[in-house]
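Trainee: 3D model of this:
(chains A and B)
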2 protein chains.
Amino acid sequence: MGKCINHPDRETPYICMKHQIYLCEECLKCRDPNVYCKHRPSCPIWFMDKRQETWADEDRQAAATATHTVTFQPQGRTVDIADGTTLLEAAQAADVHLNASCNGKGSCGKCKLIVTQGKVVATQTPLLTEAEQDKGYVLACQSRVTGDVTVTIPEETIQRKLKIAGMGKTVTARLKGLVEEVQPMLETVPLSLSPPSLTDSVSDLDRLQRGLKKAGWDLSRLNVGLAVMRQLADIVRQDNWNITTSVIRRKCANEILEVKPGNGSTPNLGLAIDVGTTTIVVYLVDMADGSVLAATAGHNRQADCGDDVINRIVCAEKNGVKKLSRMALATINSLIGEALDSAAAKADTIRNVVISGNTTMAHLLLQIEPRYIRRDPYIPTASEFPILKAGEIGIKANPIAAVFIMPGPASYVGGDIVSGILYTGFHREDPVTLFIDIGTNGEIVLGNQEWLMTAACSAGPAFEGGGIRWGMRAEAGAIEKVSIDPQTFAPTLSTVDDAPPRGICGSGMIDLIAELLNAGIVDRSGSFAGDREHPRIVRTGDEAAYVLVFADQTPMGEDIVFTASDLKNLIYSKGAVYAGFTTLLGEAGMDFSLVERVIITGGFGQYLNIDKAVAIGLLPDIERGKFAYMGNSSIKGAYMALLSNDYRQEARDICNRMTYVDFSSNPHYMEEFTSACFLPHTNLNAFPSVTEAKKAS
Amino acid sequence: MGKCINHPDRETPYICMKHQIYLCEECLKCRDPNVYCKHRPSCPIWFMDKRQETWADEDRQAAATATHTVTFQPQGRTVDIADGTTLLEAAQAADVHLNASCNGKGSCGKCKLIVTQGKVVATQTPLLTEAEQDKGYVLACQSRVTGDVTVTIPEETIQRKLKIAGMGKTVTARLKGLVEEVQPMLETVPLSLSPPSLTDSVSDLDRLQRGLKKAGWDLSRLNVGLAVMRQLADIVRQDNWNITTSVIRRKCANEILEVKPGNGSTPNLGLAIDVGTTTIVVYLVDMADGSVLAATAGHNRQADCGDDVINRIVCAEKNGVKKLSRMALATINSLIGEALDSAAAKADTIRNVVISGNTTMAHLLLQIEPRYIRRDPYIPTASEFPILKAGEIGIKANPIAAVFIMPGPASYVGGDIVSGILYTGFHREDPVTLFIDIGTNGEIVLGNQEWLMTAACSAGPAFEGGGIRWGMRAEAGAIEKVSIDPQTFAPTLSTVDDAPPRGICGSGMIDLIAELLNAGIVDRSGSFAGDREHPRIVRTGDEAAYVLVFADQTPMGEDIVFTASDLKNLIYSKGAVYAGFTTLLGEAGMDFSLVERVIITGGFGQYLNIDKAVAIGLLPDIERGKFAYMGNSSIKGAYMALLSNDYRQEARDICNRMTYVDFSSNPHYMEEFTSACFLPHTNLNAFPSVTEAKKAS
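Mentor: Down below sits the predicted model:
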C-alpha cells in the first residue's frame, strides 16, 4: 500500500511497476494523460500493474490446503491444483495454451473460458459482456478454483497456427543476390593428411594444423580444446588420415571444435531466426548456396506470460529466467523441426545459426538476468554477444553449431532493429532515412551513412490487439480493412483469409479510426459524438461504442464493437509513435522536410494503408512516394548475417554507430506526446493534405 | 603364441609389446644384446612383456565364480575379490599401495607380501630367496587367491614418504631472482566502475570493458562467455559497482572468466608441478612476489601400474586413460593439500598452474589417448597444449585457474626437458652444451643459442632400482655411496638419512661398479672373476654375486647382494646413455672435444660421483670442470613459466627449435651401443684418465 501521487491523502494498492508510483482507483480509471500518471507516455510499461506482485502470493499461501481437479475441453486434459489457484495458472500447469496478453493482470480480457461444470470464484470484470457472463464466460486469470471444475476453451481464445511464410523462387533469388560469397562461422574443412613416419614424426595435432595451413588457415590464431585432443589420435587413424574438421571463426582466435574421420562431403545447413515478442520466424538455409529450404513461423510461447517485454521480465523475475528461455526454445525448436521435416534434413547438419531479436528476447533466450532492463536507468547486461554454441543455448541443431546473436545498442532498441537496418541498407547510403518498426514497442532510427540516432517509444500493444476489446493479431478472421459510408455509417470490411470476422487487427484499427473521423462519428479530440442516434452507435457499460459487426454475423454470436476506451488507447499509441518522430528529429536539429525516405517495417506494416495512417496522425504528412514498406526486415538481416562474415561485422558496426536517445528523461517528448494525442494532431499545419481533404469533402 | 625371431621353429608366448616380436624362453634369458632381441637397445620398452596381455583376462574369466576375503596388515584393510584374483589386484582394489615396478609382470620382485593366514597359489619365481620363501614371502602379482587369506606388507614393500624439499631463504631468493616481472596467465583485476545513468546507459558488459580498458587491457582481444554474462547484472550491483574480474591471457584472445562483487585484495597463489614418472614435486608460490610458500614431493601413484612410461600406457590401454589420470591426480592433489596446509591457504586462491612432465605423463594426466606413443612411429597427440582450466583437468585449485602444460617436442622428449632447458638457460648462450636427464628414460639435448638437437635413449629403470635385485630409489636406507677396499673387499657404505641399509640406489650402484672394477672383482666385460674365493663373493641361484651387507646388519635379516644380472642390466643402461651421447654428437658432426659443458639433471643426479660415473663409462672422460649438476631443473623451469609470460613463450620457442633424432631407426646407435657395453668402453682411447688411473694404481 502507498499514497496516490495525485491525491496524497489516499492509500492505494495500485503501483506502477516501473516508476514505483502509487495511483488511487480514480486516477487509474482516468484516461487524461496529465492526470493518469505523468510518467505514463514515456514509461515503457504501458499498463499499470494493478496489484503489487506479492499480494497474489500471500492470497495463495493462505488458501493452499485442498486440491481440486480442473478439466480443459476440447483437449480433455486434466490437472490437480491447490485450492485458490487461478484457471490461468491451472492451464499453464496442464500445458494448455491460452491467449493471455497481460500475464494474468485481468486487463486484456483475452483468456476467456466457459465454465461448463462446477463453479469458480470470479472477480467482477468490465471486460466480459452480460451476454458472455450469462453463457458462463469467465476470465481465466480472474477466476479462482474452489472445487472440481470443467472448462471449455472458446473459439476466440484458441491460438491459431500462423501461416508458413511462402518462399517462392523470386524471393529466394532476391535473398541470394544479397550475399556475394558464403562465409560461415563454423566451417567444415575436409583434409587428407600424410601418415606419420619415423622421419616425419610430428604430433597428430601438428599434422592436423599443417593440413589446415595448407588449406589456407592462419595457425597463429587457431585454438583447440581438450575434448578434441582427447580423441584426436584415434580419429585421425580411423580412415587412414582422412578427416573432416570443424573450425569456428571468431573475432580474434579461431577454434577447432570437432574432428571426424573421413573427408567426404556432408550437407551443411544454417538457420536464420527472428525471435519476436509475439511471433518467431525460422529460415532453414543451405549454406552451400544460400537457398532457403524452408521457412516457418509461429507464436512465441512466452505469450503465456504476457504480451509485452515488461510482462515477460516480470514473469522471469517471478518464475526464473530459465522458464522463459524454455518457452521461447519450445517455439523455436518446434519451428526448426517443422522446417527440417519439410526439407527432409537432420538437426545435426545445422552448423550455423543467426538469431535476431529485441534486447529482452535475447536476454531471456540466453538466460541472462533481465530485471535491470525494466528498472531506471534501463541497462541491459550486454549489447554484443560472443559467438556461442547451439548446445549451450539449447537450440535444436548440431551442439557445436555456431550461434551469432544480433547485437543491439540499448534496452529498448535491440538486435532486431540492427538486423532490419542491415537488410534495408540505408546506413550505407546518403539519403536521410526515418526507419520505424511498430510492434509492441515502437523503435525509431534516423540517419544515413554518416550518422544514426535511435529511440524507443511506448507504442504499447494496442496495434497488436492488446487492451482493445475486440483487438487481435493479423490472424484468420481479423478485420484488416475498413471503410465506412459517411451517410449510412455502414462499414465495408475485409478479413484475413476472408474468414468470418472474429476481431480487428492493427491495420483495421487505423482504417477504422480514419473512417470514423471522416464520417464524423468521432471528433478530433477522440470523443464519440454523443448526440447521434444510430443503431451502430451504442453504449456498452458506461461508454460509447461503434458496432463493426452485429452479433448474428460473427461466429461468437456477439457484437464486435469499438469503444471510446479502445479509441483513447489507440490515440495514445499513435501519439507516442508520432511524438517519437518529432522528438528524435528535434534532437537531430531537423524536421520532416529533411527526411528523404521513411521505411516501415515489422509484422504490422504489411496491411498498412499509408493515407489512413497519415489521416489519423500515426505517420507524418509527407510525400507518399517517400514511404517504403520492407516487411519483416529482421529475419532478412539475420539471413544475410548467417551467410556472410562481412555482414556480421557490419551488424556490429551498425550497433556501435547508433546513438541512443532516452525519451523517458526527455522533457520535449512529453510535450510532443500531448500535442500528438489528437486526430491527426493539435497542429493541423503539420498535416496539410489531411486539412486539404477535409476542406474538399 | 608366435614364432621366436631367432629360432623360427619354436612357438612361444613371449612377445615384445612394442615391436610385436616373439622370443623363446632361451632367448629371453640370454643377455647378449646381439641375440636377445636385436631391437632391444633402441627399444623404449626395456623389458619384454612376459605374456600377451589377453592371457590374464582369459584365466580370470574361467575362474571368476567364488569370492574370497583378503585382509592386508598392518592396515587391517579387507576386500572381497573373485577367485583367482592376484594379491596385487586385490591390493589395488583395497586401495593399499604396493611397490609394483613392473606392473604385475613378475619381473621386478618388489611387491613382496608375507602370507600370515590362509594360502595362495603362487607361481615359482627366482626373485624370492629360499629364506624368504620359508618365511611365507610371496610376490603379490604372482599369487592368486583361492580362499580367504591374510597378508602382511613387509618393511621393504611399504612406500616411504619422500622428504619435503627444503626451500631455504637462499633458494627462494635465487628463484625469485630469475623472474623480473610477474605476469600471471589468470590475472585478478579489481575495478571500481561508475554507476549507469539515463545519460550513460551502456550495457553492464560495455561498462565492465570500459573499466578494463582504463586498466590497460586490449578490448579487441577480450572474450566473455555465457556463464559470466548470465550473472553479470546482479554481481556488478551487489557492491555498488565495485568488482573483481579474472581475465586469462591467451595467445591471441584473452577471456573474462569470472566477475565477483567487491574489489578488495585477495591472496593469489600459483602452483609449479613437476609430474615425473616416479616422483611428483609441487611448489606453492605467492604470485604477488614469487615467494615459494611450500614445496612438497611424493611418489606418483601411477607406480602401481609399473615403473616406466610404457607400462603406464599398457595399463591405460587396459583400464582406460581416466584411471591413470586419477592416479596421478591423487598424488598431485594430496601434495597440493599438504602445501596449502603448511601455508595455511585455501585451494580457491590458487589461480595459476604450470605443469611440467614427459609426454606420456602429460597425455595421461589430460586423459589424452596415449597408445600411439608406444607404437612405431611413436607419435604423440600433441606437443603443445592450449591453456586449460584446473576444473577441466581435476587439479585441486580454483576451477578457473589457468593451467599451462610445458610443451614437449616428441614422444620420448617431453615438457620436463623443455622446462629443464628453460631453467639451465644454455639455449640462450654460446657454449655448446650437452644436457642429460637420466631417469627412467635418458633424454639428451645438444646445442646452444644457435641450434638444439635432442634424442631419447632407453636407459631403463635400472638406475632407479628397477630390475636390480636390491635396487631402490634414493629413499631412507638406500646405499648411496660405496667404496671397497681392494685388498679385503670390505665395503664402506653410507645410506640416505644414515638409516640401516635396505637396498642400493643409482649413485650407490655407480660407485659399486667402479669399486668392483677397481678391486678386480669384476672385469671390463662385466663378468665376475669366478675364481675368487671370498665370503663376500657368493653364488645366488645360478649366478655370482657380491655381498654388500650381511643379513645380520639389515632390518630384513637378509644379505643385500649385487648379482651378475644386476651388473649386466646396469651396463646396458649406461651403454644406452653413452651411445646416445656419441650418436647424437655424430649426427651433429662433432665429438666430445667440442662439448664445452655437460649439464646433468634429474632426481638421480644429486648423489652422483662424476669420477666414478666416468670410470664405468656412463659419462664421457672430459675435463671435470665442464660438468655441472643442476638438480631438478624441470620444477624450476615450471616455476619460471608460472611467473612469466616471456618464459612461457620461451618454452614454446625451445620446443619448436628442437630437432628430434630418432635412435630406433638409427643404424649407428646399435653399433655405438654394442661398443659401450664394456667397462668403461671397448675403445679405451676415449677414456684416457681412466686408463691413466689404472696404470698408476
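
Trainee: can you pull out the strands in the stretch 451-600 of chain A?
Mentor: Ranges of strands within the stretch 451-600 of chain A are A:452-457, A:478-484, A:491-495, A:503-504, A:537-540, A:543-549, A:560-563, A:597-601, based on DSSP state E, counting those that start in this stretch.

Trainee: most tightly surrounded among those?
Mentor: Highest mean neighbour count among the strands of the stretch 451-600 of chain A (mean count of other Cβ atoms under 10 Å in any protein chain shown): strand A:503-504, with a mean of 27. No exception for glycine: its C-beta is placed from N, CA and C like everyone else's.

Trainee: Quick one: mean pLDDT for that strand?
Mentor: Mean pLDDT, strand A:503-504: 92.

Trainee: Please apply the same query to stretch A:353-363.
Mentor: 97.

Trainee: could you dump stretch A:497-510 to CSV, C-alpha only?
Mentor: Presented in CSV, the C-alpha positions along stretch A:497-510 are these (Å, rounded to 0.1, in the frame of the first residue of the first chain):
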residue,chain,number,x,y,z
ASP,A,497,-8.2,-15.3,-45.2
ASP,A,498,-11.7,-14.0,-45.8
ALA,A,499,-12.7,-15.9,-42.6
PRO,A,500,-15.8,-14.9,-40.6
PRO,A,501,-14.9,-11.8,-38.5
ARG,A,502,-13.5,-12.6,-35.1
GLY,A,503,-11.9,-9.3,-34.1
ILE,A,504,-9.9,-6.4,-35.5
CYS,A,505,-6.1,-6.1,-36.1
GLY,A,506,-3.8,-3.1,-36.3
SER,A,507,-4.3,-2.1,-39.9
GLY,A,508,-8.1,-2.5,-39.5
MET,A,509,-7.9,-0.2,-36.4
ILE,A,510,-6.1,2.5,-38.4
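
Trainee: Can you see whether stretch A:200-209 contacts chain B, counting any residue in it?
Mentor: Yes: counting by Cβ under 8 Å from any Cβ of the partner chain, contacts between stretch A:200-209 and chain B involve A:201, A:202, A:203, A:204, A:205, A:206.

Trainee: Flag every buried residue along that stretch.
Mentor: A:201, A:202, A:203, A:204, A:205, A:206, A:207, A:208, A:209 (16 or more other Cβ atoms under 10 Å in any protein chain shown).

Trainee: which ones are touching the third one?
Mentor: By Cβ atoms under 8 Å, 6 or more residues apart in numbering or on different chains, the contact list for residue A:203 reads B:379, B:380, B:381, B:382, B:383.

Trainee: May I see the PyMOL selection of the buried members of those?
Mentor: Only the buried members of the contacts of residue A:203 enter the following PyMOL selection, criterion being 16+ other Cβ under 10 Å:
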select buried, chain B and resi 379+380+381+382+383
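
Trainee: Would you mind giving the contacts of residue A:203 as JSON lines with secondary structure and pLDDT added?
Mentor: Shown next, in JSON lines, are the contacts of residue A:203 (DSSP: H, G, I helix; E, B strand; the rest coil; pLDDT from 0 to 100):
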{"residue": "B:379", "secondary structure": "coil", "pLDDT": "96"}
{"residue": "B:380", "secondary structure": "coil", "pLDDT": "97"}
{"residue": "B:381", "secondary structure": "coil", "pLDDT": "97"}
{"residue": "B:382", "secondary structure": "coil", "pLDDT": "96"}
{"residue": "B:383", "secondary structure": "coil", "pLDDT": "96"}
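
Trainee: SS state for residue A:181?
Mentor: Assigned with DSSP: H, G, I helix; E, B strand; the rest coil, residue A:181 falls in the coil class.

Trainee: Phi, psi for it please.
Mentor: The phi and psi values for residue A:181, taken as degrees, to the nearest 10, are phi -140, psi 130.

Trainee: list the contacts for the closest residue to chain B within the stretch 501-650 of chain A?
Mentor: Here the residue of the stretch 501-650 of chain A nearest chain B is residue A:649; by Cβ to the nearest Cβ that distance is 12.5 Å. Residues near residue A:649 by Cβ under 8 Å, 6+ apart: none.

Trainee: how close does the most centrally placed residue in chain A sit to residue A:140?
Mentor: By Cα atoms, centre = their mean, chain A has its centre lying nearest to residue A:277, at 2.5 Å. According to Cβ to Cβ, to the nearest Å, residue A:277 stands 21 Å off from residue A:140.

Trainee: quick one: contacts for whichever residue of the stretch 51-200 of chain A sits closest to chain B?
Mentor: With Cβ to the nearest Cβ as the measure, residue A:198 is the residue of the stretch 51-200 of chain A nearest to chain B, at 4.2 Å. Contact analysis of residue A:198 by Cβ under 8 Å, 6+ apart lists B:376, B:377, B:378, B:662, B:664, B:665.

Trainee: Could you turn the buried ones of those into a ChimeraX selection?
Mentor: Here is the ChimeraX command that selects the buried residues among the contacts of residue A:198 (16+ other Cβ under 10 Å):
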select /B:376,377,378,662,664
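
Trainee: from the contacts of residue A:198, which are also near chain A?
Mentor: Okay, of those touching chain A (Cβ under 8 Å from any Cβ), that's B:376, B:377, B:378, B:662, B:664, B:665.

Trainee: quick one: low-confidence parts of the stretch 501-650 of chain A?
Mentor: A:530-531, A:603-606 (pLDDT under 70).

Trainee: Verify the stated contact: residue A:672 with residue A:585.
Mentor: No: judged on Cβ atoms under 8 Å, residue A:672 makes no contact with residue A:585 at a distance of 9.8 Å.

Trainee: More neighbours: the two, which one.
Mentor: residue A:672 (25 against 22; other Cβ atoms under 10 Å in any protein chain shown).

Trainee: did I read that right, that one in a helix?
Mentor: Yes: counting by three-state DSSP, residue A:672 is located in a helix.

Trainee: What's the local residue count around the closest residue to it other than its chain neighbours?
Mentor: Nearest non-adjacent residue to residue A:672, counting by Cβ to Cβ, 6 or more residues apart in numbering or on different chains: residue A:579, 3.7 Å away. As a burial measure, residue A:579 scores 27 neighbours (other Cβ under 10 Å).

Trainee: wait, what's in contact with residue A:579?
Mentor: A:41, A:457, A:669, A:672, A:673, A:675, A:676.

Trainee: May I ask which two of those residues are separated the most?
Mentor: A:457 and A:675 (14.0 Å; Cβ to Cβ).

Trainee: per the record, what domains does chain A have?
Mentor: With domains defined by automatic domain parsing, chain A comprises A:2-38, A:56-157, A:186-261, A:269-405, A:426-461+A:571-696, A:465-566.

Trainee: and of those, who's closest to residue B:270?
Mentor: With Cβ to Cβ as the yardstick, what comes closest out of these is domain A:186-261 (20.6 Å).

Trainee: Quick check: end-to-end length of the closest one?
Mentor: Distance across domain A:186-261, first residue to last, is 18 Å (Cα to Cα, to the nearest Å).

Trainee: chain center to that domain: distance?
Mentor: Mean C-alpha position of domain A:186-261 versus that of the full chain (Cα atoms, centre = their mean, to the nearest Å) differs by 42 Å.

Trainee: re earlier: which one is the residue nearest to the centre of chain A nearest to, not counting chain neighbours?
Mentor: Using Cβ to Cβ, 6+ apart, the nearest residue to residue A:277 is residue A:440, at 5.1 Å.
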